[in-house]
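Enquirer: Need a 3D model of the following:
(chains A and B)
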Amino acid sequence: SQQGEEDPQALSIQEGENATMNCSYKTSINNLQWYRQNSGRGLVHLILIRSNEREKHSGRLRVTLDTSKKSSSLLITASRAADTASYFCATVNTDKLIFGTGTRLQVFP
Amino acid sequence: KAGVTQTPRYLIKTRGQQVTLSCSPISGHRSVSWYQQTPGQGLQFLFEYFSETQRNKGNFPGRFSGRQFSNSRSEMNVSTLELGDSALYLCASSLYGRDTQYFGPGTRLTVL
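Expert: Reported below is the predicted structural model:
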């Protein structure tokens, strides 16, 4: 079963714009991770944020975590056509890693 | 370091047959997890092996099984294949299982 729900399901933007994706989850977590998947390929880890952290940056990526609302957001700044992919959040509780439903991001040149 | 490898990359089987997929984790990683990805159900957790022991299991029927060898390589087996088993099967390795997962390219299984 899905732990996380991403919103929106799909997002289309122009190059240079920012893209924001949200993830909501149901149970308490140890950490939350974001992954990217290019069409039909394996997932690539982007960033991990622990439950005691509120914000984390990596290059053009910014992730926030609000444990009181059980939600996280991923911001991609100055998007590029190469950012076109599906993005998944994954939550870790005591025993397993569960992926959300994903956001399909399309960046037009 | 070499990444996670999965073999075969593509597989076509018929209903009722069985299939074995293989995953070689990153050297030093003791945890291997398997996922099934379909357009309708998304990414579903199958099971996780850590040091040759199944540590977690998802909500899949007993037709889905796996094992891990002493060198951390893992195999998953699906018996009595059904049309609905057509999917991309992904394996991921990590040091401890709760940390960053490194995914292989996947095995695309088509059941006819």
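Enquirer: Next to chain B, which bits of chain A? Give me the list.
Expert: A:1-2, A:30-31, A:33, A:35, A:40-45, A:48, A:88, A:90, A:92, A:95-102 (Cβ under 8 Å from any Cβ of the partner chain). Glycine gets a C-beta too; all of them are placed from N, C-alpha and C.
Enquirer: hang on, A:Val88 packs against B:Leu90?
Expert: No Val there; residue A:88 is Phe. No. A:Phe88 is beyond contact range of B:Leu90, at 11.4 Å (criterion: Cβ atoms under 8 Å).
Enquirer: what residues are shared contacts of these two?
Expert: A:43, B:43 (Cβ atoms under 8 Å, 6 or more residues apart in numbering or on different chains).
Enquirer: Could you tell me how many residues sit around the closest residue to B:Ser86 other than its chain neighbours?
Expert: Of all residues not flanking B:Ser86 in the chain, B:Val111 sits nearest, at 4.8 Å (Cβ to Cβ, 6 or more residues apart in numbering or on different chains). Using other Cβ atoms under 10 Å in any protein chain shown, B:Val111 is surrounded by 19 other residues.
Enquirer: what's B:Val111 in contact with, if anything?
Expert: B:Val111 neighbours (Cβ under 8 Å, 6+ apart): B:12-15, B:81-86.
Enquirer: any chance you could read off phi and psi for it?
Expert: Here is the backbone geometry of B:Val111 (degrees, to the nearest 10): phi -110, psi 120.
Enquirer: do the same with B:Ala87
Expert: Torsion angles at B:Ala87 (phi, psi; degrees, to the nearest 10) stand at phi -170, psi 170.
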